[in-house]
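Colleague: My questions concern the predicted model and sequence given below.
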Amino acid sequence: MFPSWSILPAKLVARRVRPTRIHRYSDSPPDVDDYITTYPESGTHAVDKVRHEGDRVWINSKQYFGGVSEAVWEFAIGAYKPAQKWLEQRKKRNLTSDELDHYQRIIKVLSETVELMDEIDEVPASWAEDD
C-alpha cells in the first residue's frame, strides 16, 4: 500500500512537479541556466578522451567541466549514463558554444534529479517516525 500525497512531507509535495519540468527543456525553469559547472580553459573544445577525475570531466588534455560530482557522472537511466554518453557521442568533434551550454544544463538537471531522489529516499524513514 502506498501513502497518499497528503501524508508526504510538505517540502516533497511542493516539489512533486519539478522532475517533469526540469527534464523538459522547452519549458524548463530559468534556474536551469544557473550553471553549477565551470568551463575555465579556452581552446578548441575538441572532444578527444572523455574522463572524470575528482569533480572534473575532461574532454581533452587541457579543457574540462568543473563541478561535476561522481553521483552526477555515474547517474544512470537504465544502462544509459547521460553525462557520459552525451560527450562520448561527440568524440572527434569540436563542441560549439551552444553545445557547451547544453552540456552544462544537462549536468544541472542531473544534479537536481540526484538531489530529489535523495530526498525521496529519505521519505520512508519520515513516515515511520510519524506513526
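Modeller: Structure's in. What do you need? Residues are numbered from 1 along each chain as shown.

Colleague: Only C-alpha atoms from now on, for both contacts and neighbour counts.
Modeller: Noted.

Colleague: Could you report the pLDDT at residue 28?
Modeller: Looking at residue 28, its pLDDT is 52.

Colleague: Hmm, I typed the wrong one, I wanted residue 37.
Modeller: Residue 37 is assigned 94 on the pLDDT scale.

Colleague: count of neighbours near it?
Modeller: Under the neighbour criterion other Cα atoms under 10 Å, residue 37 is assigned a count of 20.

Colleague: List the contacts of it.
Modeller: 65-68, 104, 107-108 (Cα atoms under 8 Å, 6 or more residues apart in numbering).

Colleague: how close does the closest residue to residue 111 other than its chain neighbours get to residue 96?
Modeller: Excluding the flanking residues, the one nearest residue 111 by Cα to Cα, 6 or more residues apart in numbering is residue 72, at 5.7 Å. Counting by Cα to Cα, to the nearest Å, the gap from residue 72 to residue 96 is 23 Å.

Colleague: follow-up on the earlier one: after the helix or strand containing the residue nearest to residue 111 comes which helix or strand?
Modeller: Element membership of residue 72 [criterion: DSSP states H and E] is helix 70-74. Per DSSP H and E, the first helix or strand lying C-terminal to helix 70-74 is helix 82-88.

Colleague: Show me which residues of that following helix are buried.
Modeller: Within helix 82-88, the residues that qualify as buried are 82-84, 87-88, counting by 16 or more other Cα atoms under 10 Å.

Colleague: and after the helix or strand of the chain with the lowest mean pLDDT, which helix or strand comes next?
Modeller: Lowest mean confidence among the helices and strands of the chain (mean pLDDT, DSSP states H and E): helix 18-23, at a mean of 54. Later in the chain than helix 18-23, the nearest helix or strand by DSSP H and E is strand 51-53.

Colleague: what's the helix or strand following that following strand packed up against?
Modeller: The C-terminal neighbour of strand 51-53 among helices and strands, as given by DSSP H and E, is strand 56-58. Using 3 or more Cα pairs under 8 Å, 6 or more residues apart in numbering; DSSP states H and E as the contact criterion, the elements in contact with strand 56-58 are strand 51-53, strand 64-66.
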